[in-house]
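Asker: quick one, fold the following:
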Amino acid sequence: MRWLYGCAVDLAMLTTSIASVPVLAFVLGVVGALLRADLRLPDAVYQATSIYLLLAIGIKGGVALRESDVASVAAPAMMTIALGVLIPIMAFSLLRVMTRLDVTDRGAMAAHYGSTSLVTFTAALVFLDSLGVSYEGFVSTLLAIMEIPGILVGLLLAGSTARHAGRLRETVREILTGRSILLLAGGLVIGFVTGPEGFARVEPFFGAPFTGVLALFLLEMGVLAGRRLGDVRRAGLGLVAFAIGFPVLAGALGVLAGTVVGLSPGGSMVLGVLSASASYIAAPAAVRLALPQANPGLTLTSSLGITFPFNLIVGIPLYWLMADTLAVMIGR
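Answerer: I've put the predicted structure just below:
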């Protein structure tokens, strides 16, 4: 009875959190796109908000990393690398069964789903904060770690290395020097060097306004996702089923892995979100460079048009429920 009561309370909290400003801003963007209203942010504003989010997450993660014990970070980091290798292999294999995609497009899709979504990750942190759930501060380090192996494994599965070794080297450079990795890694270094004292000076800028900036960014994402809803019908039932079912499978694996390595329920949920999310920023650029023959319409329709909205509205609460339930089951 206590467990049932706890689930009822959790579901009530989840319902409240789904109706948050960032998520509703995303829904507004989708509605605006369906009504053909011009709700897109000016390009300069969009670029500024993405830079702000990346740098803010990196700095806050660096501050937390400085205050963390190295031993407590090592196991989650190694598990994150393992997930970054395993998840694209799983995606590649399932796509062979569920769709008629060729090797190149399956590899491109695996690279997208092996990598991560900054915005989904950020929305998960806001979700946990709204519930008052704590999580390890170094989770942004895990975000940076998982960004790279998933893309590289996807390209390997597509067979790009055997034919285009030089192009792969260029792709690796593109990934490492791309905005996402550079700002996240740079922010981590800044936060680690300055520590809590240094962050206190910029906290009024990188702290309180964070959720509002995320809402603006999600408004833009809603417009982009809404414009791809028409492509969903042409994607085929197999791809639609994959874009919804695979995140649940990968998210559950991430939650379980986080629990195994000793992360808190909040930290396990975040690792589940990282495992379940699909990249639509870093991966498309890398895939376009290494696999120019891949169909970007398929990958973006799946990752941005289906998986991203699913994770934002349904997935994030679901992965928290998984993590919380698992913690209760093992008595943590």
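Asker: for Ile190, see how far away the residue nearest to the spatial centre of the chain is.
Answerer: Relative to the mean C-alpha position of the chain, the nearest C-alpha, by CA atoms, centre = their mean, is the one of Ser117, at 2.7 Å. Computed as CB to CB, to the nearest Å, the Ser117 to Ile190 distance reads 23 Å. Every residue, glycine included, has its C-beta placed from N, CA and C.
Asker: Ala283 against Ala110, yeah?
Answerer: No. Counting by CB atoms under 8 Å, Ala283 stays clear of Ala110, with 9.7 Å between them.
Asker: now do the shared contacts for those two.
Answerer: Gly150, Gly154 (CB atoms under 8 Å, 6 or more residues apart in numbering).
Asker: thinking again about what came up before, quick one, what contacts the residue nearest to the centre of the chain?
Answerer: Residues counted as contacts of Ser117 (CB under 8 Å, 6+ apart) are Ser277, Ala278, Ser279, Tyr280, Ile281, Ser303, Phe308, Asn311.
Asker: what helix or strand is the second one on?
Answerer: To tie it back to what came earlier, the one meant is Ala278. Remark: Ala278 resides in no helix or strand, with elements defined by DSSP states H and E.
Asker: and it, how many neighbours does it have?
Answerer: 30 (other CB atoms under 10 Å).
Asker: what sits against it?
Answerer: Per CB under 8 Å, 6+ apart, neighbours of Ala278: His112, Tyr113, Ser115, Ser117, Ala243, Pro247, Ser302, Ser303, Leu304, Thr307, Phe308.
Asker: quick check: the second one vs Ile87, distance?
Answerer: Read it as Tyr113. For Tyr113, the distance to Ile87 equals 7 Å [CB to CB].
Asker: between those two, which contacts overlap?
Answerer: Shared contacts of Tyr113 and Ile87, counting by CB under 8 Å, 6+ apart, come down to Gly150, Ala250.
Asker: settle it for me: which of those two has more neighbours?
Answerer: Tyr113 (32 against 28).
Asker: the more buried one: helix or strand, and which one exactly?
Answerer: helix 103-114.
Asker: after that helix, next one along is what?
Answerer: helix 118-131.
Asker: just after that following helix, pick out the following helix or strand.
Answerer: Taking DSSP H and E, what comes next after helix 118-131 is helix 139-157.
Asker: who are the packing partners of that following helix?
Answerer: Contact analysis of helix 139-157 by 3 or more CB pairs under 8 Å, 6 or more residues apart in numbering; DSSP states H and E lists helix 43-66, helix 70-98, helix 103-114, helix 118-131, helix 165-177, helix 179-206, helix 265-276, helix 282-290 as its packing neighbours.
Asker: apply 7 Å and report the result again.
Answerer: Judged by 3 or more CB pairs under 7 Å, 6 or more residues apart in numbering; DSSP states H and E, the packing partners of helix 139-157 are helix 43-66, helix 70-98, helix 103-114, helix 165-177, helix 179-206, helix 265-276, helix 282-290.
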